[in-house]
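Novice: Have a look at this prediction, sequence included:
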Amino acid sequence: MARVSRRAFALAALSLLTSAAPGTAAPSRQSRGAVTEMRGMWLATVANRDWPSRAGLPASEQRKELTAFLDTAVEHRLNTVMFQVRPTADAFWPSRYEPWSQYLTGTQGKDPGWDPLGTAVAEAHARGLRLHAWFNPYRIANHTDPGRLVASHPARSHPDWAVPYGGKLYYNPGIPAVRTFVEQAVLDAVARYPVDAVHFDDYFYPYPVAGQTFDDDDAYDAHGGDFSSRAAWRRDNIDRLVTGIADGVKKLRPGTQFGISPFAVWRNAATDSRGSDTRAGVETYDDLYADTRKWVRENWIDYIVPQVYWQIGNAAADYAKVVDWWAGVAKGSRTRLYIGEALYQAGAAGAPAAWQDPAELSRHLTLADRYPQVGGHVYFAAKDVATDPAGALSRVVADHYREPATPPS
(Lines give C-alpha, C1' and ligand atoms only; values in the text may rest on other atoms or scores of the structure.)
Protein backbone atom coordinates (compact mmCIF):
# COMPACT_ATOMS: atom_id res chain seq x y z
CA MET A 1 0.00 0.00 0.00
CA ALA A 2 2.40 2.81 0.40
CA ARG A 3 0.07 4.24 2.95
CA VAL A 4 2.87 6.73 3.38
CA SER A 5 1.58 8.85 0.48
CA ARG A 6 -1.97 8.67 1.76
CA ARG A 7 -0.80 9.81 5.14
CA ALA A 8 0.79 12.86 3.61
CA PHE A 9 -2.73 14.10 2.94
CA ALA A 10 -3.64 13.55 6.59
CA LEU A 11 -0.68 15.69 7.65
CA ALA A 12 -1.66 18.59 5.37
CA ALA A 13 -3.87 20.32 7.91
CA LEU A 14 -1.77 21.98 10.57
CA SER A 15 -4.10 23.43 13.23
CA LEU A 16 -4.95 21.79 16.53
CA LEU A 17 -7.22 22.33 19.51
CA THR A 18 -6.26 21.99 23.17
CA SER A 19 -7.78 18.75 24.46
CA ALA A 20 -8.70 17.41 27.88
CA ALA A 21 -5.85 16.82 30.29
CA PRO A 22 -4.45 13.33 30.82
CA GLY A 23 -6.32 11.25 33.30
CA THR A 24 -9.76 12.68 32.51
CA ALA A 25 -10.99 9.92 30.20
CA ALA A 26 -14.72 9.29 30.39
CA PRO A 27 -15.90 5.80 31.30
CA SER A 28 -15.11 3.55 28.38
CA ARG A 29 -17.55 1.34 26.53
CA GLN A 30 -15.91 -1.63 28.24
CA SER A 31 -16.07 -0.14 31.72
CA ARG A 32 -19.81 0.22 31.22
CA GLY A 33 -20.02 -3.53 30.73
CA ALA A 34 -19.68 -4.03 26.95
CA VAL A 35 -17.30 -6.81 25.92
CA THR A 36 -17.67 -6.77 22.13
CA GLU A 37 -15.72 -4.27 20.04
CA MET A 38 -13.20 -4.10 17.24
CA ARG A 39 -9.62 -3.67 18.42
CA GLY A 40 -7.54 -4.09 15.32
CA MET A 41 -4.15 -3.33 13.82
CA TRP A 42 -2.94 -3.18 10.26
CA LEU A 43 0.07 -5.35 9.46
CA ALA A 44 1.57 -3.75 6.34
CA THR A 45 3.87 -5.64 3.99
CA VAL A 46 4.29 -3.20 1.08
CA ALA A 47 7.91 -2.10 0.90
CA ASN A 48 8.43 -4.21 4.05
CA ARG A 49 6.80 -1.47 6.11
CA ASP A 50 6.03 -3.76 9.07
CA TRP A 51 6.80 -7.29 7.95
CA PRO A 52 9.00 -9.01 7.02
CA SER A 53 11.66 -6.63 8.34
CA ARG A 54 13.52 -7.10 5.07
CA ALA A 55 13.08 -9.16 1.95
CA GLY A 56 15.12 -12.33 1.74
CA LEU A 57 15.02 -13.40 5.37
CA PRO A 58 15.01 -17.18 5.87
CA ALA A 59 11.52 -18.63 6.16
CA SER A 60 12.10 -19.47 9.81
CA GLU A 61 12.92 -15.82 10.60
CA GLN A 62 9.94 -14.55 8.63
CA ARG A 63 7.66 -16.90 10.54
CA LYS A 64 9.19 -15.85 13.85
CA GLU A 65 8.67 -12.15 13.09
CA LEU A 66 5.09 -12.77 11.98
CA THR A 67 4.08 -14.69 15.09
CA ALA A 68 5.79 -12.05 17.24
CA PHE A 69 3.45 -9.42 15.79
CA LEU A 70 0.46 -11.64 16.56
CA ASP A 71 1.70 -12.02 20.12
CA THR A 72 2.09 -8.25 20.34
CA ALA A 73 -1.55 -7.82 19.34
CA VAL A 74 -2.63 -10.17 22.12
CA GLU A 75 -0.40 -8.42 24.66
CA HIS A 76 -2.12 -5.11 23.89
CA ARG A 77 -5.56 -6.72 24.16
CA LEU A 78 -6.27 -6.31 20.46
CA ASN A 79 -8.41 -8.94 18.78
CA THR A 80 -8.04 -8.48 15.00
CA VAL A 81 -5.17 -8.21 12.53
CA MET A 82 -5.56 -6.78 9.02
CA PHE A 83 -2.74 -8.64 7.25
CA GLN A 84 -1.67 -7.22 3.87
CA VAL A 85 -1.47 -10.17 1.51
CA ARG A 86 -1.70 -8.51 -1.93
CA PRO A 87 0.17 -5.19 -1.77
CA THR A 88 1.19 -4.84 -5.44
CA ALA A 89 -0.71 -7.31 -7.65
CA ASP A 90 1.25 -10.12 -6.03
CA ALA A 91 0.57 -12.72 -3.37
CA PHE A 92 1.57 -13.89 0.09
CA TRP A 93 0.07 -17.30 -0.65
CA PRO A 94 0.50 -19.73 -3.59
CA SER A 95 -1.95 -17.88 -5.83
CA ARG A 96 -3.27 -19.36 -9.03
CA TYR A 97 -3.37 -15.88 -10.57
CA GLU A 98 -0.44 -13.78 -9.41
CA PRO A 99 3.25 -14.18 -8.55
CA TRP A 100 4.77 -14.52 -5.11
CA SER A 101 5.50 -11.10 -3.64
CA GLN A 102 8.98 -9.64 -3.98
CA TYR A 103 8.68 -8.42 -0.39
CA LEU A 104 9.21 -11.99 0.81
CA THR A 105 12.32 -13.09 -1.07
CA GLY A 106 13.47 -9.95 -2.87
CA THR A 107 12.56 -11.53 -6.21
CA GLN A 108 9.03 -11.38 -7.56
CA GLY A 109 7.70 -14.85 -8.35
CA LYS A 110 10.21 -16.72 -6.18
CA ASP A 111 8.65 -19.28 -3.85
CA PRO A 112 9.53 -18.36 -0.25
CA GLY A 113 9.27 -21.98 0.84
CA TRP A 114 6.27 -21.53 3.11
CA ASP A 115 2.74 -20.14 3.10
CA PRO A 116 2.52 -16.81 4.99
CA LEU A 117 -1.25 -16.35 4.66
CA GLY A 118 -2.04 -19.93 5.66
CA THR A 119 0.31 -19.64 8.59
CA ALA A 120 -1.09 -16.26 9.63
CA VAL A 121 -4.67 -17.58 9.66
CA ALA A 122 -3.77 -20.63 11.70
CA GLU A 123 -1.53 -18.79 14.17
CA ALA A 124 -3.98 -15.91 14.62
CA HIS A 125 -6.86 -18.26 15.31
CA ALA A 126 -4.72 -20.24 17.75
CA ARG A 127 -4.30 -17.00 19.71
CA GLY A 128 -7.96 -16.06 19.60
CA LEU A 129 -7.37 -13.36 17.00
CA ARG A 130 -9.41 -12.68 13.88
CA LEU A 131 -7.44 -12.49 10.64
CA HIS A 132 -8.66 -10.09 7.93
CA ALA A 133 -6.85 -10.59 4.62
CA TRP A 134 -6.00 -7.16 3.24
CA PHE A 135 -5.82 -6.59 -0.51
CA ASN A 136 -4.90 -3.57 -2.62
CA PRO A 137 -7.08 -3.97 -5.71
CA TYR A 138 -5.38 -2.03 -8.50
CA ARG A 139 -1.75 -1.18 -7.69
CA ILE A 140 0.64 -3.23 -9.82
CA ALA A 141 4.01 -1.76 -8.84
CA ASN A 142 5.68 1.16 -7.13
CA HIS A 143 7.40 1.95 -10.42
CA THR A 144 6.22 2.34 -14.03
CA ASP A 145 8.39 -0.21 -15.88
CA PRO A 146 6.49 -3.39 -16.87
CA GLY A 147 9.84 -4.92 -17.82
CA ARG A 148 10.76 -5.10 -14.14
CA LEU A 149 7.81 -7.41 -13.45
CA VAL A 150 8.33 -11.16 -13.54
CA ALA A 151 7.85 -12.47 -17.08
CA SER A 152 4.69 -14.38 -16.13
CA HIS A 153 3.00 -11.35 -14.55
CA PRO A 154 -0.55 -10.73 -15.84
CA ALA A 155 0.33 -7.08 -16.50
CA ARG A 156 2.96 -8.24 -19.00
CA SER A 157 0.56 -10.70 -20.61
CA HIS A 158 -2.03 -7.91 -20.87
CA PRO A 159 -0.09 -4.66 -21.30
CA ASP A 160 -3.29 -2.84 -22.26
CA TRP A 161 -4.53 -3.39 -18.69
CA ALA A 162 -1.80 -1.23 -17.14
CA VAL A 163 -1.65 2.56 -16.71
CA PRO A 164 1.47 4.41 -15.50
CA TYR A 165 0.61 7.30 -13.20
CA GLY A 166 2.41 9.23 -10.51
CA GLY A 167 5.49 7.04 -10.65
CA LYS A 168 3.49 3.83 -10.16
CA LEU A 169 1.78 1.27 -12.34
CA TYR A 170 -1.94 0.52 -11.93
CA TYR A 171 -4.51 -1.81 -13.38
CA ASN A 172 -7.15 0.16 -15.26
CA PRO A 173 -10.46 -0.12 -13.34
CA GLY A 174 -12.39 0.82 -16.49
CA ILE A 175 -11.65 -2.46 -18.29
CA PRO A 176 -14.22 -5.15 -17.41
CA ALA A 177 -11.63 -7.93 -17.81
CA VAL A 178 -9.48 -6.22 -15.15
CA ARG A 179 -12.36 -6.20 -12.71
CA THR A 180 -13.01 -9.89 -13.36
CA PHE A 181 -9.34 -10.67 -12.86
CA VAL A 182 -9.03 -8.70 -9.61
CA GLU A 183 -12.09 -10.46 -8.24
CA GLN A 184 -10.62 -13.85 -9.17
CA ALA A 185 -7.26 -13.00 -7.58
CA VAL A 186 -8.87 -11.90 -4.30
CA LEU A 187 -11.41 -14.70 -4.10
CA ASP A 188 -8.68 -17.29 -4.68
CA ALA A 189 -7.47 -16.56 -1.15
CA VAL A 190 -11.00 -16.67 0.25
CA ALA A 191 -11.57 -20.08 -1.33
CA ARG A 192 -8.33 -21.47 0.12
CA TYR A 193 -8.32 -20.11 3.66
CA PRO A 194 -10.86 -19.52 6.46
CA VAL A 195 -10.10 -15.80 6.64
CA ASP A 196 -12.45 -13.83 8.85
CA ALA A 197 -12.74 -10.97 6.39
CA VAL A 198 -11.60 -9.53 3.10
CA HIS A 199 -10.24 -6.03 3.67
CA PHE A 200 -9.56 -3.24 1.17
CA ASP A 201 -7.65 -0.06 1.95
CA ASP A 202 -8.12 3.41 0.43
CA TYR A 203 -6.64 2.92 -3.04
CA PHE A 204 -9.18 2.73 -5.85
CA TYR A 205 -8.43 5.20 -8.62
CA PRO A 206 -5.08 6.61 -7.50
CA TYR A 207 -4.69 9.76 -5.44
CA PRO A 208 -4.42 12.78 -7.75
CA VAL A 209 -0.95 13.91 -8.81
CA ALA A 210 -0.63 17.52 -9.94
CA GLY A 211 -0.04 17.91 -13.65
CA GLN A 212 -0.72 14.26 -14.49
CA THR A 213 -3.71 12.54 -16.09
CA PHE A 214 -4.79 8.95 -15.54
CA ASP A 215 -5.00 7.80 -19.15
CA ASP A 216 -8.16 5.72 -19.49
CA ASP A 217 -9.38 7.31 -22.74
CA ASP A 218 -9.60 4.04 -24.67
CA ALA A 219 -11.50 2.29 -21.89
CA TYR A 220 -13.88 5.24 -21.54
CA ASP A 221 -14.52 5.30 -25.29
CA ALA A 222 -15.24 1.57 -25.24
CA HIS A 223 -17.29 1.30 -22.06
CA GLY A 224 -18.41 4.75 -20.89
CA GLY A 225 -21.08 5.61 -23.41
CA ASP A 226 -24.05 5.15 -21.06
CA PHE A 227 -22.74 7.59 -18.44
CA SER A 228 -23.21 11.33 -18.06
CA SER A 229 -19.54 11.92 -17.38
CA ARG A 230 -16.22 10.17 -17.04
CA ALA A 231 -16.44 10.67 -13.27
CA ALA A 232 -19.80 8.87 -13.08
CA TRP A 233 -18.38 6.03 -15.17
CA ARG A 234 -15.33 5.72 -12.95
CA ARG A 235 -17.49 5.60 -9.81
CA ASP A 236 -19.59 2.87 -11.41
CA ASN A 237 -16.45 0.87 -12.14
CA ILE A 238 -15.50 0.97 -8.45
CA ASP A 239 -19.06 0.24 -7.34
CA ARG A 240 -19.05 -2.86 -9.54
CA LEU A 241 -15.82 -4.10 -7.98
CA VAL A 242 -17.19 -3.57 -4.47
CA THR A 243 -20.46 -5.40 -5.15
CA GLY A 244 -18.65 -8.13 -7.08
CA ILE A 245 -16.26 -8.83 -4.21
CA ALA A 246 -19.11 -8.68 -1.68
CA ASP A 247 -21.16 -11.20 -3.64
CA GLY A 248 -18.19 -13.48 -4.22
CA VAL A 249 -17.19 -13.55 -0.56
CA LYS A 250 -20.72 -14.38 0.55
CA LYS A 251 -20.99 -17.23 -1.97
CA LEU A 252 -17.64 -18.77 -1.05
CA ARG A 253 -17.70 -18.22 2.74
CA PRO A 254 -21.02 -16.92 4.06
CA GLY A 255 -19.55 -16.17 7.49
CA THR A 256 -16.66 -14.09 6.12
CA GLN A 257 -16.98 -10.30 6.20
CA PHE A 258 -15.99 -7.67 3.65
CA GLY A 259 -14.72 -4.32 4.92
CA ILE A 260 -13.09 -1.22 3.47
CA SER A 261 -10.83 1.42 5.03
CA PRO A 262 -11.13 4.62 2.98
CA PHE A 263 -9.63 8.07 3.29
CA ALA A 264 -12.01 9.63 5.79
CA VAL A 265 -13.46 12.54 3.80
CA TRP A 266 -16.21 11.53 1.38
CA ARG A 267 -16.93 15.14 0.34
CA ASN A 268 -16.50 18.46 2.05
CA ALA A 269 -19.71 20.28 2.96
CA ALA A 270 -18.65 23.14 0.67
CA THR A 271 -18.80 20.66 -2.22
CA ASP A 272 -21.94 18.80 -1.14
CA SER A 273 -24.35 19.71 1.65
CA ARG A 274 -24.35 16.03 2.68
CA GLY A 275 -20.60 16.14 3.22
CA SER A 276 -18.56 16.65 6.36
CA ASP A 277 -17.57 19.94 7.98
CA THR A 278 -14.05 19.62 6.60
CA ARG A 279 -11.77 21.38 4.15
CA ALA A 280 -9.71 18.43 3.02
CA GLY A 281 -7.71 18.63 -0.18
CA VAL A 282 -8.88 15.16 -1.23
CA GLU A 283 -12.47 13.92 -1.45
CA THR A 284 -12.95 10.23 -2.13
CA TYR A 285 -16.09 10.74 -4.21
CA ASP A 286 -14.45 13.20 -6.59
CA ASP A 287 -10.79 12.24 -6.54
CA LEU A 288 -10.66 8.46 -5.95
CA TYR A 289 -14.11 7.83 -7.47
CA ALA A 290 -15.05 5.87 -4.37
CA ASP A 291 -18.59 6.59 -3.18
CA THR A 292 -17.89 5.43 0.35
CA ARG A 293 -21.08 6.96 1.78
CA LYS A 294 -23.17 4.99 -0.72
CA TRP A 295 -21.48 1.71 0.19
CA VAL A 296 -22.50 2.20 3.82
CA ARG A 297 -26.02 3.43 3.16
CA GLU A 298 -26.69 0.63 0.64
CA ASN A 299 -25.27 -2.00 3.02
CA TRP A 300 -22.89 -3.28 0.35
CA ILE A 301 -20.10 -3.87 2.85
CA ASP A 302 -20.07 -5.37 6.33
CA TYR A 303 -17.87 -2.72 7.91
CA ILE A 304 -16.08 0.52 7.13
CA VAL A 305 -12.94 1.90 8.80
CA PRO A 306 -12.49 5.54 7.73
CA GLN A 307 -8.90 6.64 8.29
CA VAL A 308 -9.49 9.53 10.68
CA TYR A 309 -5.80 10.35 10.94
CA TRP A 310 -6.13 13.88 12.29
CA GLN A 311 -6.00 15.21 15.81
CA ILE A 312 -8.94 16.67 17.71
CA GLY A 313 -9.27 20.27 16.58
CA ASN A 314 -7.42 19.95 13.27
CA ALA A 315 -8.40 23.00 11.21
CA ALA A 316 -9.00 21.18 7.93
CA ALA A 317 -10.36 17.90 9.30
CA ASP A 318 -11.18 17.82 13.00
CA TYR A 319 -11.22 14.27 14.37
CA ALA A 320 -14.34 15.12 16.37
CA LYS A 321 -16.26 16.44 13.35
CA VAL A 322 -15.22 13.59 11.06
CA VAL A 323 -16.25 10.91 13.56
CA ASP A 324 -19.57 12.69 14.12
CA TRP A 325 -20.21 12.71 10.36
CA TRP A 326 -19.43 9.03 9.93
CA ALA A 327 -21.64 8.11 12.89
CA GLY A 328 -24.49 9.91 11.14
CA VAL A 329 -23.82 8.04 7.90
CA ALA A 330 -23.73 4.67 9.65
CA LYS A 331 -26.84 5.34 11.73
CA GLY A 332 -29.69 3.16 10.52
CA SER A 333 -27.50 1.08 8.22
CA ARG A 334 -26.31 -2.48 8.76
CA THR A 335 -22.70 -1.47 8.08
CA ARG A 336 -20.51 -1.50 11.17
CA LEU A 337 -18.37 1.57 11.77
CA TYR A 338 -14.85 1.37 13.17
CA ILE A 339 -12.40 4.27 13.29
CA GLY A 340 -8.92 4.07 11.78
CA GLU A 341 -6.39 5.61 14.16
CA ALA A 342 -3.01 7.19 13.34
CA LEU A 343 -0.89 5.48 15.97
CA TYR A 344 2.11 6.07 13.70
CA GLN A 345 1.82 9.82 14.34
CA ALA A 346 2.08 9.56 18.13
CA GLY A 347 5.40 11.09 19.14
CA ALA A 348 6.59 11.24 15.52
CA ALA A 349 9.03 13.93 14.49
CA GLY A 350 7.19 16.52 12.43
CA ALA A 351 3.74 15.46 13.58
CA PRO A 352 1.42 18.22 14.88
CA ALA A 353 2.00 19.18 18.52
CA ALA A 354 -1.12 17.38 19.73
CA TRP A 355 0.48 14.07 18.75
CA GLN A 356 3.38 14.66 21.11
CA ASP A 357 0.93 14.18 23.99
CA PRO A 358 0.60 10.44 24.76
CA ALA A 359 -3.01 11.06 25.83
CA GLU A 360 -4.21 12.32 22.40
CA LEU A 361 -5.07 8.85 21.15
CA SER A 362 -6.89 7.92 24.35
CA ARG A 363 -8.95 11.08 23.99
CA HIS A 364 -9.98 9.86 20.55
CA LEU A 365 -11.49 6.72 22.04
CA THR A 366 -13.20 8.70 24.77
CA LEU A 367 -14.77 10.98 22.17
CA ALA A 368 -15.79 8.19 19.82
CA ASP A 369 -17.35 6.29 22.72
CA ARG A 370 -20.13 8.87 22.77
CA TYR A 371 -21.46 7.38 19.53
CA PRO A 372 -23.25 4.01 19.66
CA GLN A 373 -22.50 3.58 15.95
CA VAL A 374 -18.74 3.38 16.59
CA GLY A 375 -17.94 -0.25 17.25
CA GLY A 376 -14.19 -0.01 17.77
CA HIS A 377 -10.86 1.17 16.41
CA VAL A 378 -8.04 -0.05 14.16
CA TYR A 379 -4.44 1.17 14.53
CA PHE A 380 -1.86 1.88 11.86
CA ALA A 381 0.31 -0.02 12.12
CA ALA A 382 1.85 -3.17 13.60
CA LYS A 383 5.40 -1.88 13.98
CA ASP A 384 4.04 1.10 15.91
CA VAL A 385 1.98 -1.20 18.11
CA ALA A 386 5.13 -3.15 18.90
CA THR A 387 7.38 -0.16 19.65
CA ASP A 388 4.77 2.29 21.01
CA PRO A 389 7.45 5.01 21.13
CA ALA A 390 5.32 7.71 22.79
CA GLY A 391 3.42 5.34 25.06
CA ALA A 392 0.18 6.34 23.34
CA LEU A 393 -1.08 2.80 22.89
CA SER A 394 -0.14 1.88 26.44
CA ARG A 395 -2.29 4.79 27.54
CA VAL A 396 -5.18 3.49 25.42
CA VAL A 397 -4.84 0.04 26.95
CA ALA A 398 -4.80 1.49 30.48
CA ASP A 399 -7.76 3.78 29.88
CA HIS A 400 -9.94 1.66 27.59
CA TYR A 401 -8.71 -1.92 27.20
CA ARG A 402 -8.51 -3.11 30.79
CA GLU A 403 -9.99 -6.48 29.80
CA PRO A 404 -10.02 -8.43 26.54
CA ALA A 405 -12.93 -7.91 24.16
CA THR A 406 -14.54 -10.11 21.53
CA PRO A 407 -14.58 -8.66 18.00
CA PRO A 408 -17.96 -8.17 16.32
CA SER A 409 -18.98 -11.16 14.24
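Specialist: Sure thing, it's come through.
Novice: where do the helices sit along the stretch 251-400 of the chain?
Specialist: Residue ranges of the helices in the stretch 251-400 of the chain, as given by DSSP state H, counting those that start in this stretch, are 292-297, 319-330, 360-368, 382-387, 392-400.
Novice: same for the second one, what does it pack against?
Specialist: The one in question is helix 319-330. The elements that helix 319-330 packs onto, with contact taken as 3 or more CB pairs under 8 Å, 6 or more residues apart in numbering; DSSP states H and E, are helix 292-297, strand 336-341, helix 360-368. C-betas here are computed from N, CA, C, even on glycine.
Novice: who touches it?
Specialist: For helix 319-330, contacts defined as CB atoms under 8 Å, 6 or more residues apart in numbering pick out 264-266, 275-278, 293, 296-297, 304, 306, 308, 310-313, 336-337, 339, 364, 367-368, 371, 373-374.
Novice: May I ask which helix or strand encompasses T243?
Specialist: Per DSSP states H and E, T243 falls inside helix 230-252.
Novice: For that helix, what is the distance to the chain centroid?
Specialist: From the chain centre to the centre of helix 230-252 is a distance of 17 Å (CA atoms, centre = their mean, to the nearest Å).
Novice: Quick one: the helices of the stretch 251-400 of the chain as CSV, columns for mean neighbour count, mean pLDDT and distance to F227 too.
Specialist: Putting these into CSV (neighbours: other CB atoms under 10 Å; pLDDT from 0 to 100; distance: least, CB to CB, whole Å) gives the following:
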stretch, mean neighbour count, mean pLDDT, distance to F227
helix 292-297, 21, 98, 16
helix 319-330, 21, 98, 25
helix 360-368, 24, 98, 37
helix 382-387, 20, 98, 40
helix 392-400, 22, 98, 45
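Novice: Including distance to Y285, could those helices go into TSV?
Specialist: Shown next, in TSV, are the helices of the stretch 251-400 of the chain (distance: least, CB to CB, whole Å):
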stretch	distance to Y285
helix 292-297	7
helix 319-330	12
helix 360-368	23
helix 382-387	30
helix 392-400	31
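Novice: out of the ones you listed, nearest to S228?
Specialist: For S228, the closest of the helices of the stretch 251-400 of the chain is helix 292-297, at 16.3 Å, according to CB to CB.
Novice: Packing partners of that closest one?
Specialist: Judged by 3+ CB pairs under 8 Å, 6+ apart, helix 292-297 is in contact with helix 230-252, strand 303-304, helix 319-330.
Novice: so which of the ones you listed comes closest to A185?
Specialist: Among the helices and strands packed on helix 292-297, helix 230-252 comes nearest to A185, with 10.6 Å by CB to CB.
Novice: For the stretch 101-250 of the chain, which residues score under the pLDDT cut-off?
Specialist: By pLDDT under 70, the stretch 101-250 of the chain has no low-scoring segment.
Novice: So which residues of it form strands?
Specialist: With DSSP state E, counting those that start in this stretch, the ranges of strands along the stretch 101-250 of the chain come out as 130-135, 139-141, 162-165, 168-171, 197-200.
Novice: from the chain's centre, how far out does the longest one sit?
Specialist: Centroid separation between strand 130-135 and its chain, computed with CA atoms, centre = their mean, is 10 Å.
Novice: Enumerate every residue touching the residue of the chain positioned farthest from its centre.
Specialist: Distance from the C-alpha centroid of the chain peaks at G225, with 32.1 Å (CA atoms, centre = their mean). G225 sits next to no residue when contact means CB under 8 Å, 6+ apart.
Novice: Try it again at 10 Å.
Specialist: Shown in contact with G225 (CB atoms under 10 Å, 6 or more residues apart in numbering): W233.
Novice: ok, so what distance separates it from R179?
Specialist: 17 Å (CB to CB, to the nearest Å).
Novice: got it, and R267?
Specialist: 25 Å.
Novice: show me the contacts for the residue nearest to the spatial centre of the chain.
Specialist: Centroid-nearest residue in the chain: D201, 2.9 Å away (criterion: CA atoms, centre = their mean). Going by CB under 10 Å, 6+ apart, D201 touches 1-3, 6, 42, 44, 46, 82, 84, 87, 134-137, 139, 260-263, 305, 307, 340, 380.
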